[in-house]
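Trainee: Give me a model of this one.
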Amino acid sequence: MTTRPVGRRWYQFSLRRLLLVPLMLALALVPVAWVSRERRQLLRARDEALRAVILAERYRAELKRREAAHPATPRPADLPGDEAPQSARPAGDSAVIEQLQRENAELKATIQRLRREVERLEAGVRRSS
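Mentor: Below you'll find the predicted structure:
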């Protein structure tokens, strides 16, 4: 006849081991969770930056559209009878327009660069998944 083991043999694991194993697993997974959180923050910041650039570009396009639709209104000095008529835009406006066109080109280049960066990051996310 066989006898059953007495006492501690009924339990295969000690309480100490049952507490240490989850602790070790948690410590091993901390870097994974930290990297995941940092990655989410990076993606969120990238999306916000891209959204800000797009909104700025939309705002500038809207201003340009409004300016084209409604030319500058004449100032009281430009009204007939006061002085010789002048154009609605001052002579220095061409320099401002050129500067705005340069800024527009820079913004377009920035948007293209950000799009390429987004594509590169998305490709890296797909590879790591």
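Trainee: Sketch out the low-pLDDT regions of this protein for me.
Mentor: 1-11, 72-92, 129 (pLDDT under 70).
Trainee: all helices for it, in order.
Mentor: 15-69, 93-128 (DSSP state H).
Trainee: quick check: angle from the shortest one to helix 15-69?
Mentor: To tie it back to what came earlier, the one meant is helix 93-128. Going by axes from the mean of the first three to the mean of the last three Cα atoms, to 10 degrees, helix 93-128 is angled at 150 degrees with respect to helix 15-69.
Trainee: tell me which residues in helix 93-128 are buried?
Mentor: In terms of neighbour count (16 or more other Cβ atoms under 10 Å), helix 93-128 has its buried residues at residue 107. (Glycine included, C-beta is placed from N, CA and C.)
Trainee: Adjust the sequence numbering to begin at 37 for everything that follows.
Mentor: All right, first residue 37 from here; so that's helix 129-164.
Trainee: counting contacts, what elements does it pack onto?
Mentor: If contacts are counted by 3 or more Cβ pairs under 8 Å, 6 or more residues apart in numbering; DSSP states H and E, helix 129-164 sits against helix 51-105.
Trainee: what's the helix it packs on packed up against?
Mentor: helix 129-164.
Trainee: count of neighbours near residue 103?
Mentor: By other Cβ atoms under 10 Å, 13 other residues sit near residue 103.
Trainee: Against residue 66, how distant is it?
Mentor: According to Cβ to Cβ, to the nearest Å, residue 103 stands 55 Å off from residue 66.
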